[in-house]
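Enquirer: my questions are about this predicted structure, shown below with the sequence.
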Amino acid sequence: MNNLDQILHKQFGYKDFLPGQKEIITSVIQKKDVVAILPTGGGKTLCYHLSAKLLKGLTIVITPLLSLMEDQVHQLRAKGDKTVMQINGLLTFQEKKRVLSNINEDTILFLSPEMLSNENIMNKLCKLRIGLFVVDEAHCISQWGHEFRTDYLRLHSIRSALGNPPCFALTATATKAVEEDIIKQLGMESPIIHRNSVNRKQIKFIVEKVDNNTEKKALFKNYLSKIQKPAIIYTATRKEAIMLSNEIKKEGYEDVAFYHGGMVKEDRLLVQHQFINNEINYICSTNAFGMGINKPNVRTVIHYHLPSSVEQYVQEVGRAGRDGNESIAILLYNKEDRIIPLSFIDREFPSKIELKTWFDAMKNSRRSEGIGFKLETMKELFQIDDNRWKMLLYYLEKSGVIQEKELQIELLNNKLVLMLNERFSTRKKTKQKRLIQLEQMMNSDTCIRGSILHYFDELTEEQVAPCCSSCGFTMNQAKVQLFPKEKNEVVDVSNTWESKLRKMLFPYEGRL
Amino acid sequence: MNTLHWIVLFIIDKLNGQRTTSGVYHLIKGKRSAQTIQDAYIFHCAPYVSSIKDLKKEEFYQIINELVEKNFILVKTQDVGVITNTGKQKLVNLQGLPILPKEFNGSKHEWNGSAQFFWERYSLAIQTLSYLQHGKNNFIPVCYHLEVQRWLKLLFQQYLMDTKIMSDNIYVETTELLRKVSNQHANLFVNRLTSPYGTGKTYDQLCKDFNDDPIKTKLIFQSVIHQFLDTIEKKPKKYPFLMNFVIKTKGDSITNSAKETNYYLRLGKTINEISNIRKLRVSTIEDHLIELALFDAEFNYTPFISDEEIKNILITAKDLKTKRLRVLKDHFNPTYTYFQLRLALTKEKGADSE
């Protein structure tokens, strides 16, 4: 397979494959169904990007997060691959139409899953030869995965409608159970499974327990003076992200910014670019930051709170050390930390009272408005957020209350409320259990790396040294052992706006 | 009390207890409806329309709650917001502070998106020229809109890919414009730009010089763009290159749907006929007519209401000290329809409107 190496080198500009990539691509281009479980930073995108170039026919890439899709598409296009296109809810009607009329068998088309219920799009896709059907973040298809997207459940039937093209599912984090679920839900036939270890040896773990938030802040400041940059600091809430970035500034580090999903898009992009270009070195963020951001030199990830699951923790710490160099993941943990994720879980599902109120309203408005009653009106009326709404629709469809987009109003009874409530409670409990599992892992004295591997049904084969705080690793060791002193980057200090603008547009002037 | 609080309080004062808080929200956010733009004109706060386009509902209601807690406003039944004496005093105390820059004109440049149109194109053009001038062909664009990217490609073709000439042009015209604003504001503008020397800064990163208030910073930045657009509009010959960046349907605040309605009107169709042809509700068609009455100088309203009747309504509104349709309707019932009353109110434009 020398051929693959050449393509990698010539078309993609990389010298070597990362572990597992070559084997995965080989299976995919043999048109087999493939499941690939590659840790964060393992080069998932390249696996389908390169395969797409070698397979005849259009490549569809399904990916759940809009911002992630945008970043990926624009990064790939910026590297010069204009065959990469996207259709998602962020595009206007005209834009969608334009993309649809431009796609052909060379296209790599990124789609958000809900776009596949759009008839125009499906009609167009059915007319083309589909060479590869990629499902990124495939764990979203499983109710046992840490994130569950009801939209993903339709992928199986859609793939059939497209003539069953070879299916390539990728994820960074999947337990055995989730892996099996992915295969089943996507209807994959004797798939080839490539599983790389989640063990990222270059990442060292530190967990510190504190008694209260004052202590946590003090400890954080202490770490701040010791850690290597660039660093990502994850917080539980937007408020906390802003607060910590102010704290960091107060400590004298000016190269910091906060980031969260509520920021306007332009500013979000600016902060991302600044971080990628090493213009800022500390970023305080909610879990909205990081996916799709390919920054190889992140040296430290700090969790200022407890993430919601082992999967999420692993994914977030995985953003450190993509370049293969030593990095550190620090979790500052306080017993009360669990309150916020627990309340998030609570809010994710409708309560019994809410269900009852909604159903009553649906019934009443149906009576007063006649046949014209639309489900969407409900969503508006009660300001139900997207996730809870989709969750509700999914279960209503599943229990036959919605049939062919028609609401069977007579089925909206108390029995249904009880049944739905039961289901939501079960999902809630699963999520709570996940959180508790992570908490226990971080609370115990057993090796953190070992616990993570165990969680993903992996054996700890070889010793990693240094490993984690449970194994005796401390920050003091880190600084001396692992990192050479970094030199400061040169900062541009043109002072007037006019000279700044001149410098941007006329780079050679000064050198005459 | 930050800028956002101030704007909310100011608008509640202007609306004078005649609109709901959600009317206030729509005004600040710049909802694309005839009602919102009409409110802006009849209550003399046109510059404030769309001043904070990305304001979230929760955020807005939190501010309302804070203003209520501080006893600056009262929220009466049916969600109507009224300013208190304490609130009025607060506004008087703040009067000396120029919170919204005088160049800022939301109804002219934000509501129809012309400022955004300009900035998306301008910032991407600077980034692209700057990178190309530095010999760098690969970069992640600051603007993800494909439409904007395609637009820029066309512009480059138009200038035969001559980045030197384009850079010269954009530099000369930009400096000309920036000399008209203060140094501080010019710096703010340039610091938002992205080049190989650095990514543009966010409002949070730039707010040090502006009372640490990112929203204030943003409004000042937007006012610089508004001033650009006003200047270019006045002397287009002086800014031939930047003219490319100005939205073609300049100053045109009329929605496409209203234009279509106008087309049928000119064919001599009635409101009901248009409603049938377009399969739209009568009230929607009426909204279109209000839009046309506000923005289309050639729109002929006399088939719907006479000048005499308008005068009558406006005088009554003044006597009753109200601009609430319900009150006017109760008074006139059944002489005029709601639609006629709204139409009449469009003719009472404020001094600060365009």
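Expert: Nice, thanks for sending it over. Residues are numbered from 1 along each chain as shown, chains lettered A, B, ... in the order given.
Enquirer: from now on I want contacts and neighbour counts done on CA atoms only, so please keep to that.
Expert: Will do.
Enquirer: number of nearby residues for B:Tyr239?
Expert: Look at B:Tyr239: counted by other CA atoms under 10 Å in any protein chain shown, it has 20 neighbours.
Enquirer: quick check: pLDDT value at it.
Expert: In this model, B:Tyr239 is scored at 95, pLDDT.
Enquirer: hang on, isn't it packed against B:Glu173?
Expert: Yes - counting by CA atoms under 8 Å, B:Tyr239 does reach B:Glu173; the two are 6.0 Å apart.
Enquirer: who's in contact with the strand or helix carrying A:Ala218?
Expert: Assigned by DSSP states H and E, A:Ala218 falls within helix A:213-224. Residues outside helix A:213-224 that contact it (CA atoms under 8 Å, 6 or more residues apart in numbering or on different chains) are A:210, A:248, A:251, A:332-334.
Enquirer: go again using 7 Å as the cut-off
Expert: A:210, A:332 (CA atoms under 7 Å, 6 or more residues apart in numbering or on different chains).
Enquirer: for that helix, buried residues please.
Expert: Within helix A:213-224, the residues that count as buried by 16 or more other CA atoms under 10 Å in any protein chain shown are A:216-217, A:220, A:224.
Enquirer: repeat that for stretch B:141-149.
Expert: So, applying 16+ other CA under 10 Å, buried residues of stretch B:141-149: B:141-144, B:148-149.
Enquirer: so which of the residues you listed sit within strands?
Expert: Counting by DSSP state E, none of the members of these fall within strands.
Enquirer: which among the residues you listed gets closest to A:Leu244?
Expert: Of all the buried residues of stretch B:141-149, A:Leu244 sits closest to B:Val142, with 26.5 Å by CA to CA.
Enquirer: list the residues that contact residue 84.
Expert: Just going to use chain A. Applying CA under 7 Å, 6+ apart, the residues near A:Val84 are A:73, A:76-77, A:107-109.
Enquirer: chain B was what I was after
Expert: B:71-74.
Enquirer: residues in chain A within reach of chain B, list them.
Expert: Residues of chain A lying close to chain B (CA under 7 Å from any CA of the partner chain) are A:74-75, A:78-79, A:267, A:269-270, A:273-274, A:492, A:497, A:501, A:504-507.
Enquirer: wasn't A:Ile452 part of a helix?
Expert: Yes - the assignment for A:Ile452 (DSSP: H, G, I helix; E, B strand; the rest coil) places it in a helix.
Enquirer: where along chain B do the strands fall?
Expert: B:73-76, B:80-83.
Enquirer: give me the buried positions along the first one.
Expert: What that stands for is strand B:73-76. Per 16+ other CA under 10 Å, strand B:73-76 contains these buried residues: B:73-75.
Enquirer: other residues contacting that strand?
Expert: Contact with strand B:73-76 is made by B:67-68, B:81-84, B:87, as judged by CA under 7 Å, 6+ apart.
Enquirer: and it, what's its mean pLDDT?
Expert: The pLDDT scores in strand B:73-76 average 86.
Enquirer: do stretch A:156-174 as well
Expert: Rounded mean pLDDT across stretch A:156-174 is 91.
Enquirer: assign a three-state SS to A:Leu170, would you?
Expert: strand.
Enquirer: does it really touch A:Ala36, like I thought?
Expert: Yes - at 4.9 Å, A:Leu170 counts as touching A:Ala36 under the criterion of CA atoms under 7 Å.
Enquirer: can you pull the contacts of residue 192?
Expert: Reading this off chain A. A:Ile192 touches A:33-35, counting by CA under 7 Å, 6+ apart.
Enquirer: that's the wrong chain, I meant chain B
Expert: Taking CA under 7 Å, 6+ apart, one finds B:200-202 in contact with B:Arg192.
Enquirer: at 8 Å what do you get?
Expert: When contacts are counted by CA under 8 Å, 6+ apart, B:Arg192 touches B:199-202.
Enquirer: about what we covered before: using CSV, please lay out the strands of chain B together with distance to B:Lys57.
Expert: Below are these laid out as CSV (distance: least, CA to CA, whole Å):
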stretch, distance to B:Lys57
strand B:73-76, 16
strand B:80-83, 16
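Enquirer: A:Asn102 is nearest to which of the ones you listed?
Expert: Closest among those, using CA to CA: strand B:80-83, at 50.7 Å.
Enquirer: what number of residues lie near the closest residue to A:Met115 other than its chain neighbours?
Expert: What sits nearest to A:Met115 in space, not counting adjacent residues and going by CA to CA, 6 or more residues apart in numbering or on different chains, is A:Asn88, at 6.3 Å. Residues within reach of A:Asn88, counting by other CA under 10 Å, total 20.
Enquirer: thought A:Asn88 was touching A:Leu68?
Expert: No - A:Asn88 is not in contact with A:Leu68 according to CA under 8 Å; the separation is 11.6 Å.
Enquirer: related to what we said a few turns ago, so can I have JSON lines of the contacts of A:Val84 showing secondary structure, neighbour count and pLDDT?
Expert: What follows is the contacts of A:Val84, written out as JSON lines (DSSP: H, G, I helix; E, B strand; the rest coil; neighbours: other CA atoms under 10 Å in any protein chain shown; pLDDT from 0 to 100):
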{"residue": "A:Val73", "secondary structure": "helix", "neighbour count": "23", "pLDDT": "91"}
{"residue": "A:Leu76", "secondary structure": "helix", "neighbour count": "18", "pLDDT": "89"}
{"residue": "A:Arg77", "secondary structure": "helix", "neighbour count": "18", "pLDDT": "89"}
{"residue": "A:Thr107", "secondary structure": "coil", "neighbour count": "21", "pLDDT": "93"}
{"residue": "A:Ile108", "secondary structure": "strand", "neighbour count": "26", "pLDDT": "95"}
{"residue": "A:Leu109", "secondary structure": "strand", "neighbour count": "24", "pLDDT": "95"}
